[in-house]
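A.B. asks: predicted model and sequence follow; I will ask about them next.
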Amino acid sequence: PAAGMRLPAGCAAPYGSMAAPRAAAAGLVQYVVLRGDLARSWPLGAVVAQACHAALAATHAHRQHPDTSAYLELGGAMRTVVLEAPDEAALTALAETLKQHSIDHQVWTEQPENVATCLALRPYPKDQVHQHLKKFKLLK
């Protein structure tokens, strides 16, 4: 905003005006786990949309969490890791594991097909969640 202007409460500053990332926030990462079987059979744009939907849903659902706020304040320095689950069963099993360990996440279910396509965690320090994701490879 222009000098002396204040943003309304709840509005984020534009990326260009953000200060350097804080040390604690710099360690935050948002994990997105996409079904590999869909990544190889659906159009690229449709697959990218699934990942975007899941990431936004997780971020929105946990927008009040301090880690989510700190992550969003990173602007262009946000770190997102996209992993591959082989199929819907693996994605569903991961969602259950995350639920059992109280890891905040959202599963994106494409409608009207009612097909789980992607899962995203809210932003977390890597060391808090990596153990639950290490069996998944980077999506290629």
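C.D. replies: Looks like it came in fine.

A.B. asks: where in the chain is pLDDT low?
C.D. replies: Judged against pLDDT under 70, the low-scoring parts of the chain cover residues 1-26.

A.B. asks: can we see that at 50?
C.D. replies: 1-5, 7-21 (pLDDT under 50).

A.B. asks: quick one, strands of it?
C.D. replies: 28-35, 80-85, 105-110, 115-121, 124-125, 137-138 (DSSP state E).

A.B. asks: out of those strands, the one nearest residue 53 is which?
C.D. replies: strand 105-110 (4.7 Å; Cβ to Cβ). The C-beta positions use only the backbone N, C-alpha and C, and glycine is treated the same way.

A.B. asks: could you measure from the residue nearest to residue 27 when sequence neighbours are not counted over to residue 92?
C.D. replies: Of all residues not flanking residue 27 in the chain, residue 125 sits nearest, at 5.1 Å (Cβ to Cβ, 6 or more residues apart in numbering). Using Cβ to Cβ, to the nearest Å, we find residue 125 at a distance of 25 Å from residue 92.

A.B. asks: would CSV of the strands of the chain with mean neighbour count and distance to residue 67 be doable?
C.D. replies: Shown next, in CSV, are the strands of the chain (neighbours: other Cβ atoms under 10 Å; distance: least, Cβ to Cβ, whole Å):
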stretch, mean neighbour count, distance to residue 67
strand 28-35, 23, 6
strand 80-85, 19, 14
strand 105-110, 20, 13
strand 115-121, 24, 10
strand 124-125, 18, 6
strand 137-138, 10, 22
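
A.B. asks: out of the ones you listed, flag the one nearest residue 57.
C.D. replies: Closest among those, once you apply Cβ to Cβ, is strand 105-110, at 4.2 Å.
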